[in-house]
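Asks: any chance you could fold what I've pasted below:
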Amino acid sequence: FVGRVLCVQDTGINAEYMGFIMGLYKGSIAILLCLLLQGYFVKSRFEPFGEEAPDQKYRKHVNHPKPVSVLWGSTKKPYPTNTWWQNLVLNNGDQTVNTFPYILKAKVDSMCFTLPNFIETKDYVLSNYIDEWCISLPQSTGHKIVGYDELSATLRYQLQDSVATFPLVQGSPWVVTQYQNVKPEIRTINALLVVIDEDGKRYNPSESPVIAPSSKIILVMNNDHKWLIYFDTKIPLRVTLQMVSGTTTYTGAMKIAALDKEETATVFDQYRNAFAIGANLDYSVAEEVARIRYEWIVSGKGPLLMLAMPHHMDAFDNPTVVESIKYRTIRGTLTGISGKVWEFQEFLQRYLWDSPKPIDPEKLPEIQKALEQDYKYLPVEKDPYFFGIQIGKLAKMALIADQIGDVEKAKYIRSNLIKEMEPWLLGTNKDKLVYDTTYGGIVSTDGLQQESADFGNGYYNDHHYHYGYHLFTLAVIGRQIPEFVEKYKEPILTYLRDYANPSKEDKYFPITRHKDWFGWHSYASGLFEFADGRNQESTSEAILGYYAIVLLGTVYKHVEMIKYGRLLLAMEIRATRKYWHMPKDSKIYPEVFKQNRMVGILWSNKVDYATWFGKYDLFIHCIQMLPFLPPTESSLDRPFIQEEYEVIKNKNEPVDWIPFRVAAHAIIDKDAAWTEAIPLKEFHTGTSRTIILHWIATRPQSVIINSCLLYTSPSPRDLSTSRMPSSA
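Replies: Next up, the predicted model:
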């Protein structure tokens, strides 16, 4: 019975055929066959959505005006443009990267790092970087990237007759230097008070500059920080108040970790022989569950210690937790995990075209009236983003017309969608899209000519926003006019390949351009260098970008496309709720900042209560909400909005953003929001009266039963549920 239920739920499996299987096989064998058909036991990763160069019939090939930096070393295109370590290859490559828990700077003659302290205000929280330690690399001419994967990047410094390599792995408790014939030397801006060797002998650096050969030392600093250093073998060391150095050349690893107290070193002793130098990322997607797997690539033998973020802990499948290892970061507390393989289970929602709940019949006439006024709207903007947001609004109204059964208006709107989108596909619009042969991606003509044009599109900023709106619109066309999306399948798939390519086999686009596979959210900032690292503002538009993949896969009947979209979408929603939303019970941010309830911009090293375009509260909150689509059901959950709405309920500027505030109110009080919406006159360019009224009319109705507040439609899955960990 279980096997039959599992299989029949998958729309790709014929129920009669499964009945035959169930009659032929019994019990677990039948279930196993079913799971195989469903994709529970499938090879990891997905096939590319294309392997050929973009057709120049649609996308002219051009060179990028920003040349590829020598810091890329021998790495070849396609180049990642939005990765967490992007600062290492931009300009001089000397701005910060955050591996969590350490923030590092790769300078010409040193690798500097800190375990940051924090500056906490109502407007921002900052991981404060200083050159707390610098690993000296004399005679170096700088670093180059020698390898990377989804969770790591490896830098190498070539010295005169020697080499120093730094495997930067997200979640590593170590800052690792792999030396080849180098005298180790580290310097600090603070002062060493005490040095403790592996035998427990304590040295005062000002009195005993030379310590016995040791493979382990603990450093006690004057700023209350404590540091642990391991070498592979015992080496003679010299210490001063601000330096530790080897007295002979050394080949091997130096591993440095911050300690909360001296006694924690005994825990690290168990893990001193192994460290991660990279990772293999795998995933599989079944009907309702995705499984994500990190297999850490390890140097050395013995157990491996790594650090998990809060969202990892929520989704972990049976981790071995090292309770005594904790680090505070800008993403909350990291937790020690023992093991070379991490596995996560992510439950997936089903989002298709329409809202999960039907339109309230009492409110239908007002929606029909609004659609009558709105359906002839046409976009006026010509850049990829504002055109996208405007054409996306029109596409959403086509779906509303579908849902209310107004065939003529739906047909009329789609005819306009085709007229507007076709020039973008053919490359005949003014700001046409082209293929950049330098980095590997689809960029706008104006964006190439001026880096600030088109919101930085030419320099790979915000592609998952811009092209997400375009793909959403194309999917809406394809729902009723499949021949159109078949005719233009090649240029349509170049949109998709640009920001959501799943495979290294596609040699023309990087893998999932914006996604941070450790943080699970996206970064938007492209080839722009920032002192605070990478950033993303609008999570809701990132969610739209991944939702569009699901819809496009549905139109093309492409199972892997649907699955990949659902995976990326679920990851983005989980990270959004964890790191952008700040309910009262959140433990990520300090209270002084948490009272804002919504993060405006999330950086590698910082969070801001602000946006790129202003500090109005409605800007900050509602840029994390628009454009209100089916996945919003999960990203904006009712308990959170109940708290968050208190911050914005009396905010009335700018006027054209008020409809988004009203839409948020509908999540907790549908009838009050409806009353507020009826007299609205001004609407943001990304929405309309029709869309706002439709959203309100499809909210669940609350009822009171035995003094308990319930809802007539199911709420999204609880994203905070964790697996039960075992303890080490």
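
Asks: got a list of what Ile620 touches?
Replies: Going by C-beta atoms under 8 Å, 6 or more residues apart in numbering, Ile620 touches 596, 598, 600, 609-611. For every residue, glycine as well, the C-beta is placed using N, CA and C.

Asks: need phi/psi at it.
Replies: phi -60, psi -40 (degrees, to the nearest 10).

Asks: need the nearest residue in space to it, chain neighbours excluded.
Replies: With sequence-adjacent residues excluded and distances taken as C-beta to C-beta, 6 or more residues apart in numbering, Ile620 is closest to Gly600, at 4.1 Å.

Asks: what separates the one you found from Gly441, distance-wise?
Replies: The spacing between Gly600 and Gly441, counted by C-beta to C-beta, to the nearest Å, is 27 Å.

Asks: of the two, who's got more company?
Replies: When Gly600 and Gly441 are compared on other C-beta atoms under 10 Å, the one with more neighbours turns out to be Gly441, at 29 against 24.

Asks: excluding chain neighbours, give the residue nearest to the more buried one in space.
Replies: Distances taken as C-beta to C-beta, 6+ apart place Asp498 nearest to Gly441, at 5.3 Å, with adjacent residues excluded.

Asks: just the element for that neighbour, please.
Replies: Applying DSSP states H and E as the criterion places Asp498 in helix 489-500.

Asks: ok now whichever helix or strand comes after that helix, how far from the chain's centre?
Replies: Next in sequence after helix 489-500, counting helices and strands by DSSP H and E, comes strand 535-536. Relative to its chain's centre, strand 535-536 lies at 9 Å (C-alpha atoms, centre = their mean, to the nearest Å).

Asks: partner strands of the longest strand along the chain, with direction?
Replies: Assignment by DSSP state E gives strand 226-240 as the longest strand of the chain. Looking at strand 226-240 with DSSP bridges, its partner strands are strand 210-221 (antiparallel), strand 243-246 (antiparallel), strand 250-259 (antiparallel).

Asks: ranking the ones you listed by burial, who's on top?
Replies: Sort those by mean neighbour count, taking mean count of other C-beta atoms under 10 Å, and strand 250-259 sits at the top with a mean of 20.

Asks: and that strand, what's its mean pLDDT?
Replies: Predicted confidence along strand 250-259 averages 98 (mean pLDDT).

Asks: hmm, who's touching it?
Replies: Applying C-beta under 8 Å, 6+ apart, the contact partners of strand 250-259 are 101-102, 115, 133, 135, 173-184, 186, 218, 225-233, 235, 265, 268, 272, 275, 299-300, 327.

Asks: center of this structure - which residue?
Replies: Nearest to the mean C-alpha position of the chain, by C-alpha atoms, centre = their mean, lies His521 at 1.8 Å.

Asks: picking up where we left off before, list the ones among the contacts of Ile620 that fall in strands.
Replies: Assigned to strands by DSSP E, none of the contacts of Ile620 qualify.

Asks: turn those residues into CSV, including pLDDT and distance to Lys507.
Replies: Converted to CSV, the contacts of Ile620 look like this (pLDDT from 0 to 100; distance: C-beta to C-beta, whole Å):
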residue, pLDDT, distance to Lys507
Asn596, 98, 44
Met598, 98, 40
Gly600, 98, 37
Tyr609, 98, 42
Ala610, 98, 39
Thr611, 98, 37
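
Asks: and the furthest pair within those residues?
Replies: Spatially, the most separated pair among the contacts of Ile620 is Asn596 and Thr611, at 12.5 Å (C-beta to C-beta).

Asks: give the bridge partners for Asn535, please.
Replies: Beta-bridge partners for Asn535, by DSSP bridges, are Trp603.

Asks: and the residue in the chain sticking out farthest from the centre, how far is that from Ile413?
Replies: Centroid-distance maximum for the chain: Glu207 at 49.9 Å, with C-alpha atoms, centre = their mean. Applying C-beta to C-beta, the value for Glu207 to Ile413 is 82 Å.

Asks: export the longest strand of the chain to CSV, keeping only CA atoms.
Replies: Below are the C-alpha coordinates for strand 226-240, written out as CSV (Å, rounded to 0.1, in the frame of the first residue of the first chain):
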residue,chain,number,x,y,z
LYS,A,226,43.3,32.6,22.5
TRP,A,227,44.7,30.8,19.5
LEU,A,228,45.9,27.3,18.8
ILE,A,229,48.5,26.4,16.2
TYR,A,230,49.4,22.9,15.0
PHE,A,231,52.3,21.8,12.8
ASP,A,232,52.7,18.3,11.3
THR,A,233,56.0,17.8,13.1
LYS,A,234,57.8,19.4,16.0
ILE,A,235,59.7,22.5,14.8
PRO,A,236,61.8,25.0,16.7
LEU,A,237,60.0,28.3,17.2
ARG,A,238,61.0,31.8,18.1
VAL,A,239,58.4,34.1,19.7
THR,A,240,58.3,37.8,20.5
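
Asks: check which residues of stretch 482-498 are buried.
Replies: Neighbour counts using 16 or more other C-beta atoms under 10 Å place 484-485, 488, 491-498 of stretch 482-498 among the buried residues.

Asks: pull the distance from it to the chain's centre.
Replies: Here the centre of stretch 482-498 is set off from its chain's centre by 25 Å, with C-alpha atoms, centre = their mean.

Asks: mind listing what the spatially closest residue to the residue nearest to the centre of the chain that is not a sequence neighbour touches?
Replies: Once flanking residues are discounted, His521 sits nearest to Ala575: 3.6 Å by C-beta to C-beta, 6+ apart. Listed by C-beta under 8 Å, 6+ apart, the contact partners of Ala575 are 311, 519-521, 539.
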